[in-house]
Every structure is written in C-alpha cells, then in structure tokens.
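K.L.:
Can you look at this prediction? I've put the sequence above it.
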Amino acid sequence: MSVSLYSGRMILKLLFWQLMTFVILSVAFCTKSMEWGASAFAGGLACWLPNAIFMLLSHFQKVKEEGVPVRIAWFFAISEGVKVIITITMLIVALGVFKAAFAPLGVAYLAVLIVQIIAPAVMNG
C-alpha cells in the first residue's frame, strides 16, 4: 500500500478502523473465554502495531534531495522488512510464549488485514 497517496487524516481513519476491528473481535471472543479474547487481541495487535508504525513513519518521511525516488524506495523496502520481522516476532511471542489459541489469533489477524485492504476503497467512495 502506498501511504504517500493518503492524507494524514485518511491514515488515522484507517488505523482507527483496524484498531476497532480487533478490539471488537477481542470482546466477541471474550464471550467464549478470556484466553480466546486475549488471543484475538494478540493477533490483531500483531497486525495493527507494525502497520501503524510503518504508516505513520512513511507519512512523516520527507526527503528533499536529488535522489528522492531512490531514497523513498529504500526507505519503503527497509520499512516493509522491519514490519514483517516485527509481525513475525509478535506472532511467535503470542503463540510460543503466551500459548495463545490459534483460531482467534488467526481470525483477528486476517480481519485486520482485510480491513487494511477494503477500508481505503470504502472511505474513498
């Protein structure tokens, strides 16, 4: 997703909708058990937090030099790599250390990803 195409307001709306998605799912899974609710929260957070960091850093990244396209491409590539590493680390910690239930973790993770894909199209009309 090219963050430069979005305004700061659009980024905040998208992050808000993603946050609400996994919070609502966490509350819904809490009706089954607290473990499932915490697992859904961990799954949503593993998707949302790296994405939020990436989007906010990308939005505030301003390069005003001659090699702008190259620097932006490198920044994007490195940021995406860091985002993937943070996501994998958070999922390993949730599953390995905290013994999160896989089903709610996966559902919340995928729901936040789906919102990331669909929300910009819906918000643009």
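P.N.:
Good, I have the coordinates. Residues are numbered from 1 along each chain as shown.
K.L.:
Nearest to the spatial middle of the protein, which residue is it?
P.N.:
residue 48 (2.6 Å; Cα atoms, centre = their mean).
K.L.:
Would you confirm that it contacts residue 112?
P.N.:
Yes - Residue 48 lies in contact with residue 112 (Cβ atoms under 8 Å); the separation is 5.4 Å. Quick note: C-beta positions are derived from backbone N, CA and C, even for glycine.
K.L.:
Which positions in stretch 30-50 come out as buried?
P.N.:
30, 36-48, 50 (16 or more other Cβ atoms under 10 Å).
K.L.:
Now do that stretch: everything it contacts.
P.N.:
Under the criterion Cβ atoms under 8 Å, 6 or more residues apart in numbering, residues 15, 18-19, 21-23, 25-29, 82-84, 86-87, 90-91, 94, 98, 100-109, 111-113, 116 lie in contact with stretch 30-50.
K.L.:
Of the residues you listed, just the buried ones, ChimeraX syntax please.
P.N.:
Selection of buried members from these for ChimeraX, criterion 16+ other Cβ under 10 Å:
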select :15,18,19,21,22,23,25,26,29,83,86,87,90,91,94,100,101,104,105,106,107,108,109,111,112,113,116
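K.L.:
So, low pLDDT: which residues of this structure?
P.N.:
1-6, 62-68, 125 (pLDDT under 70).
K.L.:
where do the helices sit along it?
P.N.:
Assigned by DSSP state H, the chain shows helices spanning 8-30, 34-60, 68-92, 102-124.
K.L.:
now stretch 32-40, how far from the centre of its chain.
P.N.:
A distance of 20 Å separates the centroid of the chain from that of stretch 32-40, by Cα atoms, centre = their mean, to the nearest Å.
K.L.:
returning to that earlier point: touching both of residue 48 and residue 112, which residues are there?
P.N.:
By Cβ under 8 Å, 6+ apart, the residues touching both residue 48 and residue 112 are 18, 22.
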